[in-house]
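Chemist: Requesting a structural model of the entry that follows:
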Amino acid sequence: MVRSELEADSVAFNAAICACAQRGEWEQALLLFGKMTQDKVGLSSITFSAAISACEKGCSWDAALLLLRSMARGKIESHAITCNAAISACEKGGMWENALHLFMSMSQGMAEPDTVTFNAAISACHKGSKWQKVLQLFGEMAQSKTELDPITYSAAISA
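Modeler: Okay, here's the model as predicted:
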């Protein structure tokens, strides 16, 4: 019998990490991420976004922040989707200050905040009982011409 040796490439790893993220298996996603690094498979913004998203779904805010820092050290450009997942991970972990810090970093050029960004930051501050910050973010969102949606209004009202 002939045995074929196939090597996984970044597309295969990214797909597997995304699948882990969708199933909430953040630890498995990080193992695959580590295997990519070990095998010297190229890491991209897609790889980091998928791994950070897995951490968000697993409420592992600290791992999400480590990945985001690693991304910056590797000079891999972060996008709103990546930052949104990291902010949401902080929100789910009750780390409103970290979420707000990431939001501020985005506002200073890391990536362009969008509706999801604002909503994640607002939700984090709401969970941290920081109603003044919620209202401040709501005002900034309105001034920035970012679309306010029912989630935004609900969070602002309940703050």
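
Chemist: continuing past the host helix or strand of residue 52, what's the next helix or strand?
Modeler: Counting by DSSP states H and E, the element that carries residue 52 is helix 45-57. Next along the chain after helix 45-57, taking DSSP H and E as the criterion, comes helix 61-73.

Chemist: And that next one, what does it pack against?
Modeler: Taking 3 or more Cβ pairs under 8 Å, 6 or more residues apart in numbering; DSSP states H and E as the contact definition, the neighbouring helices and strands of helix 61-73 are helix 26-38, helix 45-57, helix 80-92, helix 96-105. For the C-beta atoms, the positions are set from N, CA and C on the backbone; glycine is no exception.

Chemist: could I get the third one in PDB with only the CA atoms?
Modeler: This points to helix 80-92. Taking C-alpha atoms only, helix 80-92 is exported to PDB below (Å, rounded to 0.1, in the frame of the first residue of the first chain):
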ATOM      1  CA  ALA A  80     -12.000  45.200  13.700                       C
ATOM      2  CA  ILE A  81     -13.100  41.600  13.800                       C
ATOM      3  CA  THR A  82     -10.000  40.600  15.700                       C
ATOM      4  CA  CYS A  83     -10.300  43.400  18.200                       C
ATOM      5  CA  ASN A  84     -14.000  42.900  18.600                       C
ATOM      6  CA  ALA A  85     -13.500  39.300  19.500                       C
ATOM      7  CA  ALA A  86     -10.800  40.300  22.100                       C
ATOM      8  CA  ILE A  87     -13.100  43.000  23.500                       C
ATOM      9  CA  SER A  88     -15.900  40.500  23.800                       C
ATOM     10  CA  ALA A  89     -13.700  38.000  25.500                       C
ATOM     11  CA  CYS A  90     -12.900  40.700  28.100                       C
ATOM     12  CA  GLU A  91     -16.500  41.500  28.400                       C
ATOM     13  CA  LYS A  92     -17.500  37.900  29.000                       C
END
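
Chemist: hmm, back to that, in a markdown table: the helices and strands packed on helix 61-73, plus distance to residue 133, mean neighbour count and mean pLDDT.
Modeler: Supplementary listing: these in a markdown table, determined by distance: least, Cβ to Cβ, whole Å; neighbours: other Cβ atoms under 10 Å; pLDDT from 0 to 100:
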| stretch | distance to residue 133 | mean neighbour count | mean pLDDT |
| --- | --- | --- | --- |
| helix 26-38 | 27 | 18 | 94 |
| helix 45-57 | 21 | 26 | 93 |
| helix 80-92 | 12 | 26 | 93 |
| helix 96-105 | 7 | 20 | 94 |
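
Chemist: Done for today, thanks.
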